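> Just need the structure, nothing else, for what follows:
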Amino acid sequence: MIDEIYNSRIGAIKTKHFSDEWEQTAIPFEESLTKEQIVMFHKLCDLQSETAAEEMRAAYKAGFKDGVALMREL
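I've put the predicted structure just below:
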């Protein structure tokens, strides 16, 4: 159930975007790579993104459970 709550709220959470900085940094870097290096770079970016997303879900779950534990103490 916590996953469903998290997944329905994920689009409603406001976060700061660094897309301009990412593009200014990543595009010239990517253009300097060979085709094999580009494949590896994309794979690394995907792994990092998936890891960050999983960590955010885990932190959300832990925070939710901590909040429930605090409410139960009252």
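> and D20, how many neighbours does it have?
D20: 8 surrounding residues under other C-beta atoms under 10 Å. Where C-beta positions appear, they are placed from N, C-alpha and C, glycine not excepted.
> State the distance from it to I27.
Distance of D20 to I27, computed by C-beta to C-beta, to the nearest Å: 11 Å.
> Show me which positions of the helix or strand that contains V39 end up buried.
Secondary structure assigned from DSSP states H and E places V39 in helix 35-73. Burial within helix 35-73, assessed by neighbour count using 16 or more other C-beta atoms under 10 Å, is assigned to Y60.
> helices and strands around it, which ones?
Contact partners of helix 35-73 among helices and strands, from 3 or more C-beta pairs under 8 Å, 6 or more residues apart in numbering; DSSP states H and E: helix 2-9, helix 19-31.
> starting at the chain centroid, how far to that helix?
Here the centre of mass of C-alpha atoms in helix 35-73, compared against the chain's by C-alpha atoms, centre = their mean, to the nearest Å, lies 5 Å away.
> All further residue positions should be reported with the first residue as 807.
Noted, 807 is the first residue going forward, which turns the last one into helix 841-879.
> Give the rounded mean pLDDT of it.
The average pLDDT for helix 841-879 rounds to 91.
> between it and helix 825-837, how many degrees?
Using axes from the mean of the first three to the mean of the last three C-alpha atoms, to 10 degrees, one finds that helix 841-879 and helix 825-837 are set 150 degrees apart in direction.
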